[in-house]
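Novice: make a model of this:
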Amino acid sequence: MTTETWIALAPTLALVAFAAGVQGFFGFGYGIITMGVLTARVDIVHASAFVNLTALALSLAMVARAHGHVMWPLVARIVPSLVVGLVVGLLALSRLPRDLLVGLLGATIVGIAAWNVFGRPMPPRASAPLDVGVGFVSGLFSGAFQTGGPPLVVHLYRRPEPPLAIVVTLQMIFVASGLARLGLAGTQGLIPRAT
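Specialist: As a prediction, this is how the structure comes out:
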């Protein structure tokens, strides 16, 4: 690569490094940060594909370090409905006008921030139907905007299990989501060649 290419890539690399640091520290945040910034510079389809690939690599690295702590029954309850939500979200991404999608992304980010500030605390235990519902909503956000983390974070972080188990389980769900999204987006032509 030329010096000019590295200079052109520097802001994106800095963004990725910052967002990866946030995800590494808190266990989430990569998608919201990168999508929020990248969509100001590139098309939402390109941004979403880029974030899908880089977030998948980040989550795989985190799971590889502590895979023995994954709560597999919880993953098995959440992932199937998440995949259904992914399909719906990807259909929206492939069919809705780009300006509408960017507006919906902004509303989603504002809504997540408002929930974090004003949302009522949830009980520490959730039912299996709630796991399924959260999986669907997360898949919907992941498919459309690559921002499916917040519903899962709110849902999992209230659980009484050790923090490491929660973080690694969350990352495993992100891996499953990222792989499913990559395959589904590829079949719909939503992974541009330049990505």
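Novice: give me the neighbour count for A185.
Specialist: For A185, the count of nearby residues is 23 (other C-beta atoms under 10 Å). Using the backbone N, CA and C atoms, a C-beta is placed for each residue, glycine as well.
Novice: now it, nearest residue through space, not along the chain?
Specialist: The spatial neighbour of A185 that comes closest, neighbours along the chain excluded (C-beta to C-beta, 6 or more residues apart in numbering), is I191 at 5.2 Å.
Novice: verify the contact between the one you found and L182 for me.
Specialist: Yes - when contacts are counted by C-beta atoms under 8 Å, I191 is listed as touching L182 (7.0 Å).
Novice: which one's more surrounded, those two?
Specialist: Between I191 and L182, counting by other C-beta under 10 Å, I191 is the more crowded of the two (21 against 16).
Novice: residue contacts, the more buried one?
Specialist: If you count contacts by C-beta atoms under 8 Å, 6 or more residues apart in numbering, I191 has them with 49, 52, 182, 185.
Novice: got it, and L190?
Specialist: If you count contacts by C-beta under 8 Å, 6+ apart, then L190 has 45, 48-49, 90, 93-94 around it.
Novice: what helix or strand is Q23 on?
Specialist: Taking DSSP states H and E as the definition, one finds Q23 inside helix 3-26.
Novice: just checking, what packs against that helix?
Specialist: Helix 3-26 is packed against helix 30-38, helix 44-66, with contacts defined by 3 or more C-beta pairs under 8 Å, 6 or more residues apart in numbering; DSSP states H and E.
Novice: for the first one, name the packing helices and strands.
Specialist: If contacts are counted by 3+ C-beta pairs under 8 Å, 6+ apart, helix 30-38 sits against helix 3-26, helix 44-66, helix 98-118, helix 128-145, helix 149-157.
Novice: re the thing from before, of all the helices and strands packed on helix 3-26, which one comes closest to G24?
Specialist: Among the helices and strands packed on helix 3-26, helix 44-66 comes nearest to G24, with 7.2 Å by C-beta to C-beta.
Novice: tell me which residues in the lowest-mean-pLDDT helix or strand in the chain are buried?
Specialist: Scoring the helices and strands of the chain by mean pLDDT, DSSP states H and E places helix 98-118 at the bottom, with a mean of 78. Under the neighbour-count criterion of 16 or more other C-beta atoms under 10 Å, helix 98-118 has 101-102, 104-105, 108-109, 112 buried.
Novice: out of those residues, who's nearest L130?
Specialist: Distance ranking of the buried residues of helix 98-118 against L130, using C-beta to C-beta, places I112 first at 18.0 Å.
Novice: which residue packs closest to the closest one, ignoring adjacent ones?
Specialist: The shortest distance from I112 to any residue other than its chain neighbours is 4.4 Å, reached at P150 (C-beta to C-beta, 6+ apart).
Novice: I'd like to know how many residues surround that neighbour.
Specialist: For P150, using other C-beta under 10 Å, the count is 22.
Novice: that one against M35, yeah?
Specialist: No - applying C-beta under 8 Å as the test, P150 and M35 come out as separate, 11.8 Å apart.
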